[in-house]
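Participant: here's a sequence, model it:
(2 chains, ligands or ions: 4)
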Amino acid sequence: MKQLKVSVWRGEEAGCFARYDVPARDNQTVLDVVTHIQRELDPSLAYRFACRVGMCGSCAMTVNGRARWTCRTHVRKVAGADGALELRPLANLPVIRDLVADLAPFFDKWQRAQGFFKPKDAPNGAVPDEFAVVAPGSEARREADAGIECIGCAVCYASCDVVAWNQDYLGPAALNRAWTLVNDARDGARGERLDAVAGDAGCHSCHSTRSCTERCPKQIDPSGAIAGLKRTLFWDSLFGGKRHG
Amino acid sequence: MDFRARSHPSWIGFAVHRVSGLLLALFLPLHFWALGSAIQGEARLDGLLRWTENPLVKAAETALVVLLAAHLAGGLRVMALEFLGWGRAQKDLVALSFGLSLLVGLVFLLNVF
Ligand code: HEM
Ligand code: SF4
Ligand code: SF4
Ligand code: FES
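Facilitator: Ligands and ions are numbered 1, 2, ... in the order given. Modelled structure (predicted):
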């Protein structure tokens, strides 16, 4: 049987690659390969997954140099003709062990970008008197829709050069989430959120390299969302705008 | 740097923009020095201008014009992306930027020789 030659990162930040031979199959995801190694060859291998169907966002790794969701990445799409696979933990994040990156900084930045819904009409959690009417075809609704299916996998974050250069940079996923909320008519924190995402740690550091958009497995366009934030901040600061409305 | 993660048109567009910007910034002092030489008398500037008739210098000038055109086109690309939200046209924008800068370089070449 044909063998895949798999190099897997072992250890922490200062680790090294270990080589495993894994039987190649017709239908096989990268996560299947990792699972085979852990079950059949080396039970001490640490990696992370949950849903195996592209919903939870926990299985992302660096596969042959690119960040990917491993449960929905077919080996035949990424391995060379020689069957070589190189697996590392996600870049731009601390390594806990082997293929497991620490996502705490990533989720901390969602909080810092105010990437959570703050209802406008019900400060005490009470049910608002009137329902917000959101027309499905409206510009704002379409902008929010385009970014809302994010699964928090951090593939974009691991692919972003600015995250690597500036450790305070909020990153594509957090800014994308902020943009969906800026476009949510029911949200009451527009001004605070725009303040949180402006400046050197925020959207203005993005250089539109579009690696995030290129790599997002959910075909989300964080780079476009960041451009939307830049535009909104530009016009709002020029004309006062409805920032604190 | 791992180019396996970066080999897509937008990143290449970004890299060309940055490298051309930095090279232009390097050229700027030379440019000011040449202009400054005008203050030290016409003869000096004339001597310098005669030196620029040299084909090798002309070739270097063409490269400079291409760099400036590439940087300008790259800057327009960034503004189309960020101001007009032309995300979907990104690949066309990169191609257009490169095409435009080469065209400008060619026109310059035809004019200097
Ligand atoms: C001729 C003298 C010029 C020099 C020395 C220069 C230099 C630079 C440098 C070093 C950068 C930083 C690149 C980066 O951060 O990736 C830059 C960025 C930029 N330049 Fe220029 N530039 C010049 C002319 C222009 C012109 C004519 C435009 C026309 C629109 C332009 C538009 C831009 C834009 C939009 C950026 C931001 C790009 C980004 O966010 O990556 N520049 N420039
Ligand atoms: S477009 Fe901006 S956020 Fe996305 S990868 Fe590039 S620098 Fe990072
Ligand atoms: S925007 Fe895409 S790549 Fe980034 S965390 Fe969300 S789903 Fe993952
Ligand atoms: S295991 Fe849930 S997205 Fe891959």
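
Participant: the residue lying closest to residue B:74 once chain neighbours are set aside: helix or strand, and which one exactly?
Facilitator: The shortest distance from residue B:74 to any non-neighbouring residue, by Cβ to Cβ, 6 or more residues apart in numbering or on different chains, is to residue B:17 (3.2 Å). The C-beta positions use only the backbone N, C-alpha and C, and glycine is treated the same way. Residue B:17 is located in helix B:9-36, with elements delineated by DSSP states H and E.

Participant: let me see the mean pLDDT of the longest helix seen in chain A.
Facilitator: When chain A is parsed with DSSP state H, its longest helix is helix A:222-239. Helix A:222-239 shows a mean pLDDT of 94.

Participant: kindly report the same for stretch A:53-62.
Facilitator: So the average pLDDT for stretch A:53-62 ends up being 98.

Participant: same question, stretch A:89-108
Facilitator: Across stretch A:89-108, pLDDT averages out at 98.

Participant: tell me how far the ends of it are from each other?
Facilitator: 19 Å (Cα to Cα, to the nearest Å).

Participant: any buried residues in that stretch, and which?
Facilitator: A:89-93, A:95-101, A:103, A:105-106 (16 or more other Cβ atoms under 10 Å in any protein chain shown).

Participant: ok, now stretch A:32-52?
Facilitator: A:32-38, A:45, A:47-49, A:52.

Participant: hmm, it touching ligand 4?
Facilitator: Yes. Interface with ligand 4: stretch A:32-52 contributes A:49-52 (Cβ under 6 Å from any ligand atom).

Participant: return the alpha-carbon coordinates of stretch B:45-61 using CSV.
Facilitator: The C-alpha coordinates for stretch B:45-61 follow below in CSV (Å, rounded to 0.1, in the frame of the first residue of the first chain):
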residue,chain,number,x,y,z
LEU,B,45,23.5,70.7,-13.4
ASP,B,46,24.3,70.6,-17.1
GLY,B,47,27.1,68.2,-16.5
LEU,B,48,24.8,66.0,-14.4
LEU,B,49,22.1,66.2,-17.1
ARG,B,50,24.6,65.2,-19.8
TRP,B,51,25.6,62.2,-17.7
THR,B,52,22.0,61.1,-17.7
GLU,B,53,22.1,60.9,-21.5
ASN,B,54,24.2,57.7,-21.0
PRO,B,55,22.1,54.7,-22.2
LEU,B,56,22.8,52.8,-18.9
VAL,B,57,21.4,55.7,-16.9
LYS,B,58,18.4,55.8,-19.3
ALA,B,59,17.8,52.2,-18.6
ALA,B,60,17.9,52.8,-14.9
GLU,B,61,15.5,55.7,-15.3
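
Participant: what residues does that stretch touch?
Facilitator: Stretch B:45-61 is contacted from outside by B:34, B:37-38, B:108, B:112-113, using Cβ atoms under 8 Å, 6 or more residues apart in numbering or on different chains.

Participant: can you do 10 Å?
Facilitator: Stretch B:45-61 is contacted from outside by B:27, B:33-39, B:41-42, B:108-109, B:112-113, using Cβ atoms under 10 Å, 6 or more residues apart in numbering or on different chains.

Participant: give me the buried subset of the residues you listed.
Facilitator: By 16+ other Cβ under 10 Å, those give B:37, B:108 as buried.

Participant: which single one of the contacts of stretch B:45-61 is nearest to chain A?
Facilitator: residue B:27 (22.0 Å; Cβ to the nearest Cβ).

Participant: and the closest one, how far is that from residue B:65?
Facilitator: When Cβ to Cβ, to the nearest Å is the yardstick, residue B:27 and residue B:65 sit 11 Å from each other.

Participant: how about residue 44, phi and psi?
Facilitator: With no chain named, the answer covers chain A. Residue A:44 has phi and psi values of phi -80, psi 0 when expressed as degrees, to the nearest 10.
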